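A.B. asks: I'd like to go over a predicted model; first the sequence, then the structure.
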Amino acid sequence: MADDSLRTPYVPGDERNVPPNQNFAYDTTYHPEGVIRAEDFNLLASEINEVIGDSNQGNSSVLEGGFGYGSPVTIPIKQTDEIIRAAEWTSLLVAIDRVVQHQGTVSEMPDIVNVGDYVISYDDAQQGMIAVMEYVRANRFELSPAKSLTTVGGTMLTESRTRPWTDQINLEFEFAFNNFDEMRHYFNTGSKILLEFEKSGGTPDGTVYYDTPYEQNYFYTHEYNAIWQERLEDIGRIVISADRVYRELGDSFGTITLGSGFYGIMSGGVTAWREIYRVVGDYDNGQDVVRVYARLNTIPASAYTIQFKVEFISEPGETYSDGLLTVYVDHTTSVDTNAPSPSPTVNLMTALDEAEPDVITPP
């Protein structure tokens, strides 16, 4: 076999030496010891470039905008009459392997190509290039623990409330980027936004407080401090990724009401709040509710922030909660030098400790 000659094009009508045990994707295109066609090399290069680069700027669909890590390093496309050299095939393998390492999903890759080697692309279900390419594209949102960093303890935002509340309190914050595509790259590279809640302290259960000096109306804890503490522990951690909303830790308490993640949040193309999680409980005939909403700051393609609202709602009427309520916001992000995640800025929009209109002051 000549140097760098890997396969030659099949001539229609020529049935030369195609082994019966090989299942080429283009059965009548190649025969052993032939060269690889530029159009097939370009197909593989374009598919991996779509993952590592960005050919879908401004697209909000998970099937198109969901491709693109934003890396400027891509595989050059060949002219149709060019011969594919061993070094070029190797550069393609290296690019694919970098994505494999980023995702941590494929254990084996085809071997690096040397001059004079056969290239097996279409006939091995486990190591063939087509199978590997399909796998890394399907798992493009995966992020290997070895290539990731997870902040803890509310590094991105810690917001606490020490005021008592009787009905509903809200927290609003946003993850801000320089532009829409940078926000896409953040999620496409496998980044995730993490929310956790904590309640501690407070007055003993059953303590009675009055909202006026004339004692016309009263509020009592009615075990609500203990209930909130138990509830928030059960929720665990809420995770928002590119294509999923799910829970970790805790007892998987509550309901994911919009499970399709960042791309699902903007799939409607509107800026109204979209509920992504809720929990409703009935304790001693009282309702406690936690709801989490998300939205973009404006229409997709022009948006540059993803905003969140968390509602803590007690039973209207004779209820009272105090002590310390804390929300921790963290994230998991890619630190892969070949596909790093953009760095967001987290801004507080509505503080958790802002007083509700009818807040009461204990005597």
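C.D. replies: In hand now; what should we look at? Numbering: from 1, shown residues only.
A.B. asks: domain-wise, how is the protein divided?
C.D. replies: The chain breaks down by automatic domain parsing into domains covering 8-138, 147-350.
A.B. asks: roughly how far out does the longest one sit from the chain middle?
C.D. replies: Looking back up the chat, that one is domain 147-350. Mean C-alpha position of domain 147-350 versus that of the full chain (C-alpha atoms, centre = their mean, to the nearest Å) differs by 16 Å.
A.B. asks: hey, which of the domains of the chain is tucked in deepest?
C.D. replies: Mean neighbours per residue, mean count of other C-beta atoms under 10 Å, is largest over those for domain 147-350, with a mean of 18. Where C-beta positions appear, they are placed from N, C-alpha and C, glycine not excepted.
A.B. asks: residues in contact with the nearest residue to Tyr135 once chain neighbours are set aside?
C.D. replies: The shortest distance from Tyr135 to any non-neighbouring residue, by C-beta to C-beta, 6 or more residues apart in numbering, is to Val106 (5.7 Å). Neighbour list for Val106: Val100, Val132, Tyr135, Val136 [criterion: C-beta atoms under 8 Å, 6 or more residues apart in numbering].
A.B. asks: about what we covered before: can you redo the domains of the chain as TSV, where the extra columns are mean pLDDT?
C.D. replies: As requested, the domains of the chain are arranged in TSV below (pLDDT from 0 to 100):
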stretch	mean pLDDT
domain 8-138	73
domain 147-350	86
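A.B. asks: relative to Arg85, how far out is Phe41?
C.D. replies: Separation of Phe41 from Arg85 (C-beta to C-beta, to the nearest Å): 10 Å.
A.B. asks: please apply the same query to Thr298.
C.D. replies: Remark: distance between Thr298 and Arg85 (C-beta to C-beta) = 47 Å.
A.B. asks: which parts of the stretch 51-200 of the chain are strands?
C.D. replies: 148-150, 157-161, 168-176, 192-200 (DSSP state E, counting those that start in this stretch).
A.B. asks: including distance to Glu311, could those strands go into CSV?
C.D. replies: Output for these, formatted as CSV (distance: least, C-beta to C-beta, whole Å):
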stretch, distance to Glu311
strand 148-150, 26
strand 157-161, 13
strand 168-176, 5
strand 192-200, 12
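A.B. asks: any chance you could map the helices in the stretch 51-200 of the chain?
C.D. replies: In the stretch 51-200 of the chain, the segments counted as helices under DSSP state H, counting those that start in this stretch are 86-103, 129-138, 180-188.
A.B. asks: ok, which of these comes nearest Leu352?
C.D. replies: Smallest distance to Leu352 across those (C-beta to C-beta): 24.6 Å, for helix 180-188.
A.B. asks: can you tell me what sits against the closest one?
C.D. replies: Counting by C-beta under 8 Å, 6+ apart, 54, 57-58, 65-70, 140-141, 175, 177, 241-242, 261-263, 300-306, 333, 341-342, 344 sit against helix 180-188.
A.B. asks: next one: stretch 40-48
C.D. replies: 26, 74-78, 84, 88-89, 92, 95-96, 99, 121, 129, 133, 136-137.
A.B. asks: centre of the chain to that stretch, how far?
C.D. replies: Counting by C-alpha atoms, centre = their mean, stretch 40-48 is centred 26 Å from the centre of its parent chain.
A.B. asks: quick one, what contacts Glu248?
C.D. replies: Taking C-beta under 8 Å, 6+ apart, one finds Gly236, Arg237, Val239 in contact with Glu248.
A.B. asks: one step back: make a markdown table from the helices of the stretch 51-200 of the chain and add distance to Gly154 to it.
C.D. replies: Converted to a markdown table, these look like this (distance: least, C-beta to C-beta, whole Å):
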| stretch | distance to Gly154 |
| --- | --- |
| helix 86-103 | 27 |
| helix 129-138 | 34 |
| helix 180-188 | 19 |
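A.B. asks: can you list phi and psi of the residue most central in space within the chain for me?
C.D. replies: Geometric centre of the chain, nearest residue: Ser241, 2.1 Å, by C-alpha atoms, centre = their mean. Here is the backbone geometry of Ser241 (degrees, to the nearest 10): phi -110, psi -170.
A.B. asks: hmm, Lys192 and it touching each other?
C.D. replies: Yes - using C-beta atoms under 8 Å, Ser241 is in contact with Lys192, at 4.5 Å.
A.B. asks: state the helix or strand in which Thr332 lies.
C.D. replies: Take DSSP states H and E as the rule and Thr332 turns out to sit in strand 324-334.
A.B. asks: I'm done for today, thanks for sticking with me.
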